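> I would like to see how this sequence folds:
(2 chains)
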Number of protein chains: 2
Amino acid sequence: MPVSVPVSLDLASLRAAYAEGFDPRDLIAAVAARIAAHDDPALFLARPSAEALAARAASLAGLDAEARAALPLYGVPFVVKDNIDVAGLATTAACPAFARMPPASATVVARLEAAGAIVVGKANLDQFATGLVGVRSPYGTPRNAFDARLIPGGSSSGSATSVAAGLAAFSLGTDTAGSGRVPAGLGNLVGLKPTLGLISTSGVVPACRTLDCVSIFALTTDDAFAVLEVAAGWDATDAFSRRIPLGRVGPRPAVVRVGVPQPRDRRFFGDVAGAAAFTDALDGLAAQGFTLTEIDFEPLFAVARMLYEGPWVAERMAAIEDFLTAQPEALHPVTRTIIEGARGRTAVEAFRATYRLAEAARAAEGLWRDVDILVVPTVPRAWTVDEVEADPITTNSALGTYTNFVNLLGLSALAVPVAIRADGVPAGITLIGPGGGDAALAGLGRSIEAAFAPPLGATGVARPPLVPVVAAPQGDEIGLVVVG
Amino acid sequence: MPVSVPVSLDLASLRAAYAEGFDPRDLIAAVAARIAAHDDPALFLARPSAEALAARAASLAGLDAEARAALPLYGVPFVVKDNIDVAGLATTAACPAFARMPPASATVVARLEAAGAIVVGKANLDQFATGLVGVRSPYGTPRNAFDARLIPGGSSSGSATSVAAGLAAFSLGTDTAGSGRVPAGLGNLVGLKPTLGLISTSGVVPACRTLDCVSIFALTTDDAFAVLEVAAGWDATDAFSRRIPLGRVGPRPAVVRVGVPQPRDRRFFGDVAGAAAFTDALDGLAAQGFTLTEIDFEPLFAVARMLYEGPWVAERMAAIEDFLTAQPEALHPVTRTIIEGARGRTAVEAFRATYRLAEAARAAEGLWRDVDILVVPTVPRAWTVDEVEADPITTNSALGTYTNFVNLLGLSALAVPVAIRADGVPAGITLIGPGGGDAALAGLGRSIEAAFAPPLGATGVARPPLVPVVAAPQGDEIGLVVVG
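Model (predicted):
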């Protein structure tokens, strides 16, 4: 009897199915059927042809057991944000006039495919990855799979909703201001935003090149980290790639000092249920044995403001200046207004902002003397599509409250789902650590996620119990590494 | 019978004298007499008062033997470039209208004083450390102590000439484009340009903050490194300070691969004797057992061009914009023209240049697979004061041929004197290593300097024989460390 497709496409379920004889060709068919049933015309901007998918699945199906065992992502379907190149599919960055056929897949896509993963689609996004809302695309707004009233969050809107809807095991997003975390929070997902330079950005349409990274959406922290282990690696073709040891996920240390925003720095923009959910999450963390410390977040908020008030918008202009000059009307009007804000910014301003940032980063280093990680709400408020359409700029800025400072300071972050509110809205928290702390965050995130045990994305499937990790990398130490 | 002042103020001579009972008060008097005899009104912009110097010397003289032994720079006189703060003396950056009384000494000065060193003067410089010639100061041009026809080199003109003339044991300069190396080459001195972030720049008037470092002029490599061991150290008040292990100087490794410019990249601007001296130096290195490899320098020259053709000049503007706007006529006309070139540079240009530099730096990393260090002429041509006055811009640009790319790429460098040409002009080479390679360069530099054995600065004193180093830090390995 043929093995049928798992209800949830998490890696453990997929691996179990493949071990029992599940066939990648059946996976392809099942994913196609789910995409059809999900019926969201705003979700995918391109999909590989049926022939190409069939050939890919057949090629994987034809491998012997040894060859399959050597592929850590054998037969794992994934979705790629459409600002990341996939050979054979045009990259649009959600701007039809910008579409171009890439010469090759992005390094990160090639690495994942070499590990056995299968690209099943290119996902919609806020145009040029500019925005945190998910509604700034001429292709429409991907439907939030968890709660259709809510925005999907952006800019990696389609990447997140496809995983939440159970159409893929994981997806790639990008994260400059928070695009790899905000949509995770609004989709009941894990969003892993790695340390800058850990995953190559070669083949990615730049937003702010000095701050961009490729991020991973998954149903569980373990899945996200398993993908990261394949995706990460130094790349000679990316000038911003860095040789950062990834490390391994260890058991939760006995003592973990968690910095949380002091009460006056908890900003929920009127979302009372969100505020209550965050308080509940902190109570839960305390009950799980974490040591909470209230922190003054104003220095971090000040850094966050630099991202949009400072000259970094000039990086967005630098990425597309020729195109914008030639075809300004081809841009989404909101995106165009934002990026044209770069005109008139001077080099003196840019260098001064660099100095201010270096000083802010130096000041922020002191944080890690007192705490091992920070925990913040992933989104300050779960805005609805209607609310954002009524006030597109303010809501977008507010969405970055707890995310904008992270890449400017070179930190690592992991958005983790923790609860579904009584009103059905997902509530998530984000763990933030020093640069290079990716494995340590994953070790904590998997434990936290398992303790709160929300369901998997929007699939309705219960979260599987945690598989214990055996080896601790550094005994009782937390093993966070500062790089930078 | 009182011990008299050593003819040469190198550290070994000073230490020997102090061990025999030499008195810091006699040192102060001797230095004052030498300064008077040297009689260069363009050299010092300020000196501590006789009372202050006497008090400082008396305080050191009053220490017991144990306290003296704890001070690695006990009673060592040094000169400070006048863009580095010394408490009690105005900092002018060679711009009288810019003069301001600093609130405290720069971190690096405070560290040196705490180790027993004595500031004996603030030295003239190319205004705002903008220039490599040493003639761009309203206070006049310090006389090249080695050869009065030649420019002293800049921007650390007075710092270099004071050590060459035997007025101090060492001096502090700064180095952005080459200001810590060019004047060493023209003064028969060692010029140690440390890895960016190794010595604090807190209390230094910025030139290009992302590229500035404090440098050390000395008569020998051992002296320069001994000063570096005191001067280096992380500083919380400098946002660009970095925690870089300094390491120790070891014996010369058995195999050292030296990259040198391929013949068509050897640029001497008509200085035939300089070209011959460089060839002789390479022959000498080969005879000393170094393995020479010819390298294509065009990628490095391309980076060098970025410094003046690119937007980094905006950093010079950022440092003094308010002052320049209020009192433009207060600037040296050449300096003003250069810095005003920053107007109109955009933030987009600044970020694009950052990208190009990151890509160039990535490409340059490949160098260190093939060679352990680079060796270049310190200056391409020993221009005279008359020649520079006749053509102030072109000569200045050309002087940076072999220096401008070094800080942009985050490298370490050590200018070493190797010969006096038949025409009496000093010839020097500069060793360049990866960031963090400071101790390794010093280990090679001391051996090279001893093998060529030119006299000490302009003092006429013969170079003392090399004191063998006992412990190798990493056995036979060269121990260069890549940071960044």
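> How many residues are close by A:Asp296?
13 (other C-beta atoms under 10 Å in any protein chain shown). Where you see a C-beta, it was placed from the backbone N, CA and C, and this is true even at glycine.
> what do you get for A:Ala218?
28.
> Skipping adjacent residues, who's closest to A:Ala12 in space?
A:Pro464 (6.2 Å; C-beta to C-beta, 6 or more residues apart in numbering or on different chains).
> Please identify which helix or strand holds that neighbour.
According to DSSP states H and E, A:Pro464 maps onto no helix or strand at all.
> Phi first, then psi, for it.
Dihedral pair for A:Pro464: phi -70, psi 150, per degrees, to the nearest 10.
> what's the residue of the stretch 151-300 of chain A found nearest chain B in contact with, if anything?
In the stretch 151-300 of chain A, the residue that lies nearest chain B is A:Ala239 (3.8 Å; C-beta to the nearest C-beta). Applying C-beta atoms under 8 Å, 6 or more residues apart in numbering or on different chains to A:Ala239 gives the contacts B:355, B:358-359, B:361-362.
> For the residue nearest to A:Ala12, give its distance to chain B.
Using C-beta to the nearest C-beta, to the nearest Å, A:Pro464 is found at 42 Å from chain B.
> neighbours around that residue, how many?
16.
> Over to the one 5 residues further on?
By the measure other C-beta under 10 Å, the count of residues near A:Val469 is 17.
> In three-state terms, label it for me.
Per DSSP: H, G, I helix; E, B strand; the rest coil, the secondary structure class of A:Val469 is coil.
> contacting residues around it?
Listed by C-beta under 8 Å, 6+ apart, the contact partners of A:Val469 are A:249-251, A:443, A:446.
> and what of A:Ala115?
Counted by C-beta under 8 Å, 6+ apart, A:Ala115 has contacts A:71-74, A:230.
> For chain A, spot the helix or strand the model is least confident about on average.
The weakest-scoring helix or strand in chain A, judged by mean pLDDT, DSSP states H and E, is helix A:298-309 (a mean of 90).
> before we move on, the earlier item: which one of the contacts of A:Ala115 has the most neighbours?
Most neighbours among these, by other C-beta under 10 Å: A:Leu73, with 26 neighbours.
> in which helix or strand would I find the residue positioned nearest the centre of chain A?
Nearest to the mean C-alpha position of chain A, counting by C-alpha atoms, centre = their mean, stands A:Gly180 at 2.6 Å. Secondary structure assignment for A:Gly180, by DSSP H and E: no helix or strand.
> For it, which non-adjacent residue is closest in space?
A:Ser215 (2.6 Å).
> Chain A: strands as residue ranges?
A:44-46, A:77-81, A:118-123, A:170-175, A:190-193, A:213-218, A:257-261, A:291-295, A:373-377, A:412-420, A:426-433 (DSSP state E).
> Could you save these as a markdown table and add columns showing mean pLDDT?
Formatted as a markdown table, these follow (pLDDT from 0 to 100):
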| stretch | mean pLDDT |
| --- | --- |
| strand A:44-46 | 98 |
| strand A:77-81 | 98 |
| strand A:118-123 | 98 |
| strand A:170-175 | 98 |
| strand A:190-193 | 98 |
| strand A:213-218 | 98 |
| strand A:257-261 | 98 |
| strand A:291-295 | 97 |
| strand A:373-377 | 98 |
| strand A:412-420 | 97 |
| strand A:426-433 | 97 |
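> pLDDT below threshold where in the stretch 151-300 of chain A?
By pLDDT under 70, the stretch 151-300 of chain A has no low-scoring segment.
> right, so of the strands of chain A, which gets closest to B:Val385?
Ranking the strands of chain A by distance to B:Val385, with C-beta to C-beta as the measure, places strand A:213-218 first at 52.8 Å.
> what's the spacing between that closest one and its chain's center?
4 Å (C-alpha atoms, centre = their mean, to the nearest Å).
> just stretch A:401-413 next, same as before
Distance, centroid of stretch A:401-413 to centroid of chain: 13 Å (C-alpha atoms, centre = their mean).
> Likewise for stretch A:47-60?
A distance of 26 Å separates the centroid of the chain from that of stretch A:47-60, by C-alpha atoms, centre = their mean.
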